[in-house]
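>>> Prediction below, plus the sequence it came from.
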Amino acid sequence: MIIEPITGPAMQAAYLAAAPTFARAFIRRSPEALAAEFAHSRHIDLRDFFGSTRAHSVSHPRQECMAMLAERGFSLPRIGRVFNRDHTTVHHGIEAVKRRAAL
C-alpha cells in the first residue's frame, strides 16, 4: 500500500467536507461579501442596498446588516466604506436597530 502525502488544498477540502458548519465559522470573509449575502437573503437588489435608497424596505435591512458587521468586529469606518457612508451614519444605523429591537 502506497501512502501519498496530502496537499494543503486537499486537506482543506477534506476538512470542509467533514465539518462544513464548524469550518465555515472560522473562515474570515470580507464585509462586502457578507453584506451582499445579507442582501440576497432578504431579496434586495444590490444597487438599492448599497445605494442611497431611503425606503424602509431597504434602509432597515441595511441598518441591520451594519449592526451584524459591527458584531463581527468590523470598525465603523470600515463598514461605512462598504456602504459609501460616514461612520456616524453607521453608528446611527446600529443605534436605530437597537431601538427597534427594544420595542
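Yep, it's here. Numbers count the residues shown, from 1 in each chain.

>>> Can you tell me the centre-most residue of this structure?
Leu34 (2.5 Å; C-alpha atoms, centre = their mean).

>>> Now the one helix or strand that one maps to - C-alpha only, CSV.
Using DSSP states H and E, the element containing Leu34 is helix 31-41. Taking Å, rounded to 0.1, in the frame of the first residue of the first chain, the C-alpha atoms of helix 31-41 are listed here in CSV:
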residue,chain,number,x,y,z
PRO,A,31,-17.6,42.8,4.9
GLU,A,32,-18.6,43.4,1.2
ALA,A,33,-19.2,39.7,0.7
LEU,A,34,-21.2,39.4,3.9
ALA,A,35,-23.3,42.4,3.1
ALA,A,36,-24.0,41.1,-0.4
GLU,A,37,-25.1,37.7,1.0
PHE,A,38,-27.3,39.6,3.6
ALA,A,39,-29.0,41.5,0.7
HIS,A,40,-29.5,38.3,-1.3
SER,A,41,-31.0,36.6,1.7
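
>>> Give me the helices and strands touching that helix, please.
helix 46-50, helix 56-71, helix 76-83 (3 or more C-beta pairs under 8 Å, 6 or more residues apart in numbering; DSSP states H and E). Just so you know, the C-beta spots here come from the backbone N, C-alpha and C atoms, and that holds for glycine as well.

>>> can you put these in CSV and add mean neighbour count, mean pLDDT and distance to His91?
What follows is the helices and strands packed on helix 31-41, written out as CSV (neighbours: other C-beta atoms under 10 Å; pLDDT from 0 to 100; distance: least, C-beta to C-beta, whole Å):
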stretch, mean neighbour count, mean pLDDT, distance to His91
helix 46-50, 15, 96, 19
helix 56-71, 18, 97, 9
helix 76-83, 18, 97, 6
